[in-house]
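Novice: what follows is a predicted protein model with its sequence.
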Amino acid sequence: MLSTTLVRDDDRLTPPIRRYLRWLLVSMSMYASLLVTSLFALRAIPAEALALRAGVGLLPVLPLLLLVWAFARYIREADEMQRQIELQSVALAAMVTGLGFMVAGFLASAGVFVLKGDLVAILVLPTLFGSYGLAKAVVARSYVE
Amino acid sequence: MNPFIDMVRFTPNEKRYYRNSIAPTVAFLAVMAGSAVLVREYRDDWSFAVLATLALLPVLPMVWIMKVYIDYFRDCDEWEKLIEVYGIAIGVLLVGMAYFALGLLGLFKLVVLDGTLLAYGMLPAVMLVYTLGKVVGRWRHG
């Protein structure tokens, strides 16, 4: 039943979702290769060249910008119901993720555990993507039922 | 239609939302301040479970704030709902990207990041950028 948000009645992917999945594949491949490249490149760049290190370190952000653009295009091209489901899922995921990180912040400030800054910052986007997937299942079900 | 001016022209539903938000926001600030003071004062005297419970107390008014927002969202018409979720989507994507960029810089030891501050700051950051997203949504779908 959930798949009705992504596919036509004849079980084929709609053109917008197909285009989006293609860009998702491209951007994720680029992300993986740029991440590995920047990791290796940073070993060779001296610590004094801070601007260069920052530029190389931020390289993996570029394919994620491409992914955000592809998602925005998909939202624009999707029909009304698809758009509602996608946007409501992102909104629900944002609330859950935001609340989750806030809980972690409260616990860390009470000394329950120590939060590493870089880990927290890196984890926000993957947590958001994961909770978006779960939220989409919930929201799509409410539309289908 | 001007999306910037429309941001400050409130519908009855929006007025009700802002009115209903006052109590949970005040409660959040009070509980937050209270729990911060208590945890700092009695960090060495009270048990771990008590400290963790105290630290989590501000989550309750935060859930109340979200409940008020969800009630407001339910009373929005279709167009208003679209603008709301547009705002949240743009807010969360921008903040997520900014956090990710910061995380990369931290991971490669180019900046020093405070994990607690970042975890605290995520939700308020999304709420701030959400306003910008609403302007964009009104401009695109006005």
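Specialist: The structure has been received and is ready for your questions.
Novice: what's the burial count for the closest residue to residue B:113 other than its chain neighbours?
Specialist: The spatially closest residue to residue B:113, leaving aside those adjacent along the chain, is residue A:117, at 2.6 Å (Cβ to Cβ, 6 or more residues apart in numbering or on different chains). Using the backbone N, CA and C atoms, a C-beta is placed for each residue, glycine as well. Neighbour count of residue A:117, defined by other Cβ atoms under 10 Å in any protein chain shown: 20.
Novice: quick one: residues contacting residue A:117.
Specialist: B:106, B:112-115, B:117-118 (Cβ atoms under 8 Å, 6 or more residues apart in numbering or on different chains).
Novice: how does it look with 6 Å?
Specialist: Residues near residue A:117 by Cβ atoms under 6 Å, 6 or more residues apart in numbering or on different chains: B:106, B:113-115, B:118.
Novice: do residue A:30 as well
Specialist: By Cβ under 6 Å, 6+ apart, the contact set of residue A:30 is residue A:63.
Novice: where's it relative to chain B, distance?
Specialist: Applying Cβ to the nearest Cβ, to the nearest Å, the value for residue A:30 to chain B is 15 Å.
Novice: the residue positioned nearest the centre of chain A is in what secondary structure piece?
Specialist: In chain A, the C-alpha nearest the mean C-alpha coordinate belongs to residue A:129, at 4.1 Å (Cα atoms, centre = their mean). Element membership for residue A:129, per DSSP states H and E: helix A:117-144.
Novice: what distance separates that helix from the middle of the whole chain?
Specialist: Offset of helix A:117-144 from its chain centre (Cα atoms, centre = their mean, to the nearest Å): 8 Å.
Novice: then stretch A:29-41?
Specialist: 17 Å.
Novice: flag every buried residue along that stretch.
Specialist: Within stretch A:29-41, the residues scored as buried using 16 or more other Cβ atoms under 10 Å in any protein chain shown are A:30-31, A:34, A:38, A:41.
Novice: let me see the mean pLDDT of it.
Specialist: Across stretch A:29-41, pLDDT averages out at 93.
Novice: circling back: now go through the buried residues of stretch A:29-41 and say which are in helices.
Specialist: Within the buried residues of stretch A:29-41, membership in helices is found for A:30-31, A:34, A:38, A:41, as judged by DSSP state H.
Novice: ok, the residue lying farthest from the centre of chain A to residue A:28 distance?
Specialist: Relative to the centre of chain A, the most outlying C-alpha is that of residue A:48, 32.5 Å out, by Cα atoms, centre = their mean. Distance of residue A:48 to residue A:28, given as Cβ to Cβ, to the nearest Å: 33 Å.
Novice: over to residue A:61?
Specialist: In terms of Cβ to Cβ, residue A:61 sits 14 Å off from residue A:28.
Novice: got it, and residue B:51?
Specialist: In terms of Cβ to Cβ, residue B:51 sits 41 Å off from residue A:28.
Novice: next one: residue B:134
Specialist: If you go by Cβ to Cβ, the gap between residue B:134 and residue A:28 works out to 30 Å.
Novice: more crowded one of the two?
Specialist: The residue with more neighbours, out of residue B:134 and residue A:28, is residue B:134; 22 against 14, by other Cβ under 10 Å.
Novice: secondary structure element for the more buried one?
Specialist: Counting by DSSP H and E, residue B:134 is part of helix B:115-141.
Novice: can you give me the angle that helix makes with helix A:117-144?
Specialist: Angle between the axes of helix B:115-141 and helix A:117-144 is 40 degrees (criterion: axes from the mean of the first three to the mean of the last three Cα atoms, to 10 degrees).
Novice: what does chain A put close to chain B?
Specialist: Contact residues (Cβ under 6 Å from any Cβ of the partner chain) of chain A with chain B: A:42, A:53-54, A:57-58, A:61, A:68, A:87-88, A:90-91, A:94-95, A:98, A:101-110, A:112, A:115-118, A:120-122, A:124-125, A:128.
Novice: of these, select the buried ones using a ChimeraX command.
Specialist: Buried residues within these, by 16+ other Cβ under 10 Å, are selected in ChimeraX with:
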select /A:42,53,57,58,61,68,87,88,90,91,94,95,98,101,102,103,104,105,106,107,108,109,110,112,115,116,117,118,120,121,122,124,125,128
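Novice: remind me which residues of chain B are low pLDDT?
Specialist: Applying pLDDT under 70 to chain B flags residues B:1-8.
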